[in-house]
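[1] Next one to model:
(one chain, ligands or ions: 3)
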Amino acid sequence: HAGFDAKVLNNQPNNIPPEYVWSDEDKPSTDIKELQVPILDISSFLSGHDNHVAASQASRLVSEAAKLHGFFLVTNHGVHEGILARAYKCMDTFFDLPASEKQKAKRKWGELSGYADSVAGRFYSELPWKETLTLRFSAQEKLESGTETVKDYVSKTMGDGNEEFGAVFQEYSEAMNTLSLNIIEFLGMSLGIERRYMREFYQDNDSILRLNYYPPCKQPNLTLGTGPHTDPTSITILYQDHVGGLQVFVENQWRSIAPKPRSFVVNIGDTFMALTNGIYKSCLHRAVVNSERERRSLAFFLCPQMAKVVKPPTELLEVSGQRRYPNFTWSMFLEFTQKHYRSDKNTLQKFSDWLRSREVIDNNLTDRVSKRE
Ligand SMILES: C=C1C[C@]23C[C@@]1(O)CC[C@H]2[C@]1(C)CCC[C@@](C)(C(=O)O)[C@H]1[C@@H]3C(=O)O
Ligand SMILES: O=C(O)CCC(=O)C(=O)O
Ligand SMILES: [Fe+2]
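    Numbers count the residues shown, from 1 in each chain. Ligands and ions are numbered 1, 2, ... in the order given. The predicted structure is shown next:
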């Protein structure tokens, strides 16, 4: 296929291709209100300098938001502006490359890493108006052997002349790793569990950095940059540029989250919702596009080690009642999103059903085998 080239599509005389047109229910609405989300000044909290009232006030506000829609902002995060500026510069250089160059890093079916245009060959209708580059970051490999998975992947798939690109996104991922472990520690404390529990659960994480590039679209009200979904991952740290476009579905209506320079948007994902037995919510969100300006966002998805079993700690079971989700490993859930199901608003429920159906099949198989013996 010719691949997705928004410049070509925007210059066609008539409408954008039908496969990019979303259902009337999902089309963006023009009258949309902003959602005010709490702002967490994470450094003063972690350094313990501020008094406990401020910390508990921040903790209460964030905890309320996490129980309602799972979105909040983080400021004073310790990520230097320089690395953000270099990341955006490298992102723009990459997405400005000719399609033939970008296709060198093309994502393989069933895998997550690599370049994907919206015609990623996975879906054939309601396509997102975006191009993405996804890079795997392993904190465990960095900790245990100093391996720089982002840098190595870039030099392996994008070849020479991309040293700066690999170095920038290796450094950016490491900054995101540090910040996400600080945030997850804060969330653990706001849930009243032992302070180190969450940091230790995610210390050896196997996470995902995704670069989202949304070209302008001449009919922005017919399509979406990223469709309605909950993130299957644990927590997402998103930097959105000044253009804006992120929307969250709260109390039955779409609300916008306005860009705030030098702050990150953080949201809870499905895996962390399961880990907290549903106390903190993973919520529906999407990204809209516009006809004038390109929009770029950087999303870091914190994920546990592949084989680690996701089940709530006992302290949380006491306060949240019976189990809401079966035990699962992140690798199974990730495989589900990459090979069996397009993440949308029901991913975790569909995954739970799929798991149970597999258990039934496995049990039948073992029964039949044991009967034969
Ligand atoms: C584990 C993941 C799958 C998606 C990337 C992510 O790292 C977290 C968000 C997921 C996604 C963005 C949700 C909307 C649908 C999707 C297909 C997309 O628009 O890219 C999802 C990603 C995926 O590649 O499956
Ligand atoms: O680009 C955005 O604002 C949101 C992207 C997103 O939700 C995602 O990549 O999971
Ligand atoms: Fe998302």
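[2] Start and end of stretch 339-353, how far apart?
    Distance between the boundary residues of stretch 339-353 (C-alpha to C-alpha, to the nearest Å) amounts to 16 Å.
[3] Repeat that for stretch 327-338.
    Termini of stretch 327-338 sit 19 Å apart (C-alpha to C-alpha).
[4] got it, and stretch 260-278?
    29 Å.
[5] So which bits of it are buried?
    Applying a neighbour-count criterion of 16 or more other C-beta atoms under 10 Å, one finds 263-278 buried in stretch 260-278. From N, CA and C alone the C-beta is placed, and that goes for glycine too.
[6] Mind checking which of those are in strands?
    Phe264, Val265, Val266, Asn267, Ile268 (DSSP state E).
[7] who touches the second one in this structure?
    When contacts are counted by C-beta atoms under 8 Å, 6 or more residues apart in numbering, Val265 touches Val37, Phe71, Phe72, Leu73, Thr236, Ile237, Leu238, Tyr239, Gln240, Leu246, Ile257.
[8] Could you confirm the third one falls within a strand?
    Yep, that's Phe72 we're talking about. Yes - assigned with DSSP: H, G, I helix; E, B strand; the rest coil, Phe72 falls within a strand.
[9] picking up where we left off before, and of the buried residues of stretch 260-278, the nearest to Pro13?
    Closest approach between the buried residues of stretch 260-278 and Pro13, by C-beta to C-beta: Val265, at 37.7 Å.
[10] and the closest one, how far is that from ligand 2?
    Using C-beta to the nearest ligand atom, to the nearest Å, Val265 is found at 8 Å from ligand 2.
[11] pLDDT score for that residue?
    Reported pLDDT at Val265 in the predicted model: 98.
[12] begin at 9 from here
    Sure, I'll start counting at 9 from here, so that last one is Val273.
[13] what about the residue in the stretch 259-381 of the chain positioned nearest to ligand 1, which SS state?
    Across the stretch 259-381 of the chain, no residue is closer to ligand 1 than Ser351, which sits at 3.8 Å (C-beta to the nearest ligand atom). At Ser351 the chain is in coil, as set by three-state DSSP.
[14] measure it to Asp13 for me?
    Ser351 sits 25 Å away from Asp13, going by C-beta to C-beta, to the nearest Å.
[15] And for Asp249?
    For Asp249, the distance to Asp13 - C-beta to C-beta - is 21 Å.
[16] ok, these two, which is more surrounded?
    Asp249 (18 against 15; other C-beta atoms under 10 Å).
[17] Was I right to think that one contacts Ala295?
    No - between Asp249 and Ala295 there is no contact under C-beta atoms under 8 Å: 11.7 Å.
[18] shared neighbours, those two?
    Joint contacts of Asp249 and Ala295 (C-beta under 8 Å, 6+ apart) are Arg303, Ser305.
[19] Can you show me the helices along the stretch 59-208 of the chain?
    Using DSSP state H, counting those that start in this stretch, the helices of the stretch 59-208 of the chain run over 60-76, 89-103, 107-110, 147-153, 157-166, 171-198, 204-210.
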